[in-house]
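>>> pasted the sequence and its predicted model underneath.
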Amino acid sequence: MIGGHLATLAGSAWARTALRYGVTALAILLFLLALRRSGERAGRLAERLEAMEEANAGQRRMLDAAARRPRDCDELAERLRDGQF
């Protein structure tokens, strides 16, 4: 007897409408969760990119300083005499 009532309930118009709204709400919820996850991932990638840019800038400064260093003791002495250091 209960099975007959369930079949009637599932076949009613309001049950189909409720099911349609429920499925739509679930799809929207899943979409929002996926959007949040992709936003978090994008934020982590942006932080990683910023850290890499800072590291590259530091390495570039070190390479520039190494390119300007005195080549030998005589050049060092000459720069010290000229006050370039």
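That came in fine, so what should we check first? Only a predicted model underlies this, so the values are computations on that prediction, with no experimental measurement involved.

>>> where does Val31 land in three-state SS?
That one is not Val; residue 31 is Phe. The local conformation at Phe31, judged by DSSP: H, G, I helix; E, B strand; the rest coil, is helix.

>>> that one: what's it in contact with?
By Cβ atoms under 8 Å, 6 or more residues apart in numbering, Phe31 lies in contact with nothing. No exception for glycine: its C-beta is placed from N, CA and C like everyone else's.

>>> separation between it and Ala18?
20 Å (Cβ to Cβ, to the nearest Å).

>>> what does Gln84 give?
Gln84 is 83 Å from Ala18, by Cβ to Cβ.

>>> what of Cys73?
From Cys73 to Ala18 the distance is 88 Å (Cβ to Cβ).

>>> and these two? Which one has more around it.
Higher neighbour count among Cys73 and Ala18: Ala18, with 11 against 8, using other Cβ atoms under 10 Å.

>>> what strand or helix carries the spatially most central residue of the chain?
With distances taken as Cα atoms, centre = their mean, the residue of the chain nearest its centroid is Ala42 (2.3 Å). Element membership for Ala42 (DSSP states H and E) is helix 13-67.

>>> report the rounded mean pLDDT for that helix.
On average, the pLDDT along helix 13-67 is 96.

>>> after it, next one along is what?
In the C-terminal direction from helix 13-67 (assignment by DSSP H and E), the next one is helix 73-82.

>>> kindly export that following helix (C-alpha atoms) in PDB.
The C-alpha trace of helix 73-82 is given here as PDB (Å, rounded to 0.1, in the frame of the first residue of the first chain):
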ATOM      1  CA  CYS A  73      93.500  43.700  -6.400                       C
ATOM      2  CA  ASP A  74      94.900  46.400  -8.600                       C
ATOM      3  CA  GLU A  75      91.500  47.500  -9.800                       C
ATOM      4  CA  LEU A  76      90.200  47.400  -6.200                       C
ATOM      5  CA  ALA A  77      93.000  49.600  -5.100                       C
ATOM      6  CA  GLU A  78      92.400  52.000  -7.900                       C
ATOM      7  CA  ARG A  79      88.700  52.300  -7.100                       C
ATOM      8  CA  LEU A  80      89.500  52.900  -3.400                       C
ATOM      9  CA  ARG A  81      91.900  55.700  -4.400                       C
ATOM     10  CA  ASP A  82      89.300  57.300  -6.700                       C
END
